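**Student:** need a structure here:
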Amino acid sequence: MRDKTMTADEAVSRLASGMTLGIGGWGSRRKPMALVRALLRSGIGDLTVVSYGGPDVGMLAAAGRIRKLVAAFVTLDSVPLEPHYRAARERGAFELMEVDEGMFMWGLTAAANRLPFLPVRAGIGSDVMRVNPGLRTVASPYEDGETFVAMPALRLDAALVHVNRADRLGNGQYLGPDPYFDDLFCEAADAAYVSCERIVDTAELTKAAAPQSLLVKRHVVTGVVEAPNGAHFTSCAPDYERDEDFQKEYTTAPWPEFAERFLGGDEQAYRSAVRAWQEGRR
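**Tutor:** As a prediction, the model looks like this:
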């Protein structure tokens, strides 16, 4: 067992253009935004992004870093359709594989179990098959003979996720109401980088929470990044809720202006810019 702690920039330095990158969280909830901001500071692009999409997808799309997106949706929750994603999609900026939420989960599960595909009923009889002509069906080899969609494995070169707590060895803990699918993202990837609100001793992880809250296991984690407020402006319950005011600023400000104001420096500069913006509203 070894200490896997690193900075967000060190984690991103291990990535490369052209990779298939999975990003955990769900919509505008518990997204690894500190890692996404570090990715935006890098020159990495031409990415295949796999995500239950939120502002992670919106920012990377606005910055022109996505070659292909695999998603079930891209939303900000309180804003139904992520506007920067929508604008990029409308101008044909990247290829899209849009599938049902369950199909997406099954693709991650197949990858986590090193299977080429898994059969799923979702998609049969829907336009999912029409808009994804590469999808195939498979017949049950048993007496029922039922036809299923053969959802291909969503194998990832790397995964980025954010949790409430982690230890230095890579065990990650969520304390909110939903694990989302961060464990599957990590298991489906060749390398997984976990950011967290706070790094604690291993023994601290189960003092105030059940062992079942240990979502991400150390054997699938490559690096751990301590990033307080690292999901901002998305939520990271119970530590903080979504910053709806700042999310509104993100959705209404022109992207070049937003990027220059908030994303031009390192993470400390981002926090300072957010504080200045908040003080200016008072």
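
**Student:** My read is that V50 contacts G24, right?
**Tutor:** No - counting by Cβ atoms under 8 Å, G24 is not a contact partner of V50; they are 10.0 Å apart. Where you see a C-beta, it was placed from the backbone N, CA and C, and this is true even at glycine.

**Student:** got any ranges where this structure has weak pLDDT?
**Tutor:** Counting by pLDDT under 70, the chain contains no low-confidence residues.

**Student:** If the residue most central in space within it is in a bridge, with which residues?
**Tutor:** Residue closest to the average C-alpha location in the chain (Cα atoms, centre = their mean): I23, at 2.2 Å. With beta bridges defined as DSSP bridges, I23 has these partners: S51, L160.

**Student:** List the contacts of it.
**Tutor:** 31-32, 36, 49-51, 53, 56-57, 159-161, 185 (Cβ atoms under 8 Å, 6 or more residues apart in numbering).

**Student:** List buried residues within those.
**Tutor:** Among the contacts of I23, those classed as buried by neighbour count (16 or more other Cβ atoms under 10 Å) are 31-32, 36, 49-51, 53, 56-57, 159-161, 185.

**Student:** List the buried residues for the one helix or strand V274 maps to?
**Tutor:** Using DSSP states H and E, V274 sits in helix 267-281. Neighbour counts using 16+ other Cβ under 10 Å place E267, Y270, R271, A273, V274 of helix 267-281 among the buried residues.

**Student:** Now do the closest residue to the first one other than its chain neighbours against R41, distance only.
**Tutor:** Using Cβ to Cβ, 6 or more residues apart in numbering and skipping the chain neighbours, the partner closest in space to E267 is A34 (5.7 Å). With distances taken as Cβ to Cβ, to the nearest Å, A34 is found 11 Å from R41.

**Student:** of those two, who's got more company?
**Tutor:** Legend: neighbour count by other Cβ atoms under 10 Å for A34 and R41, higher for A34 (26 against 18).

**Student:** List the residues that contact that one.
**Tutor:** Counting by Cβ under 8 Å, 6+ apart, the residues that A34 touches are A8, H162, S195, V225, A227, N229, G230, A231, E267.

**Student:** Among the residues you listed, which one lies nearest to G145?
**Tutor:** H162 (43.7 Å; Cβ to Cβ).

**Student:** Tell me both backbone torsions, phi and psi, for that closest one.
**Tutor:** phi -130, psi 130 (degrees, to the nearest 10).

**Student:** from what I can see it touches V36, true?
**Tutor:** No - H162 lies out of contact with V36 (Cβ under 8 Å); the separation is 9.5 Å.

**Student:** pull the CA atoms of the host helix or strand of E260 into PDB?
**Tutor:** Under the criterion of DSSP H and E, E260 resides in helix 255-262. Output of helix 255-262 as PDB, limited to C-alpha atoms (Å, rounded to 0.1, in the frame of the first residue of the first chain):
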ATOM      1  CA  TRP A 255     -18.300  31.500 -22.700                       C
ATOM      2  CA  PRO A 256     -15.100  33.500 -23.600                       C
ATOM      3  CA  GLU A 257     -16.000  36.000 -20.900                       C
ATOM      4  CA  PHE A 258     -16.700  33.300 -18.300                       C
ATOM      5  CA  ALA A 259     -13.600  31.400 -19.100                       C
ATOM      6  CA  GLU A 260     -11.300  34.400 -18.900                       C
ATOM      7  CA  ARG A 261     -12.800  35.600 -15.700                       C
ATOM      8  CA  PHE A 262     -12.900  32.300 -13.800                       C
END
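
**Student:** in that helix, what counts as buried?
**Tutor:** So helix 255-262, judged by 16+ other Cβ under 10 Å, has buried residues W255, F258, F262.

**Student:** Format these as CSV; extra columns: distance to D190.
**Tutor:** Listed next are the buried residues of helix 255-262 as CSV, based on distance: Cβ to Cβ, whole Å:
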residue, distance to D190
W255, 31
F258, 32
F262, 31
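
**Student:** Counting neighbours, what do you get for the closest residue to P179 other than its chain neighbours?
**Tutor:** Spatial nearest neighbour of P179, chain neighbours left out: L215 (5.1 Å); criterion: Cβ to Cβ, 6+ apart. Neighbour count of L215, defined by other Cβ under 10 Å: 22.
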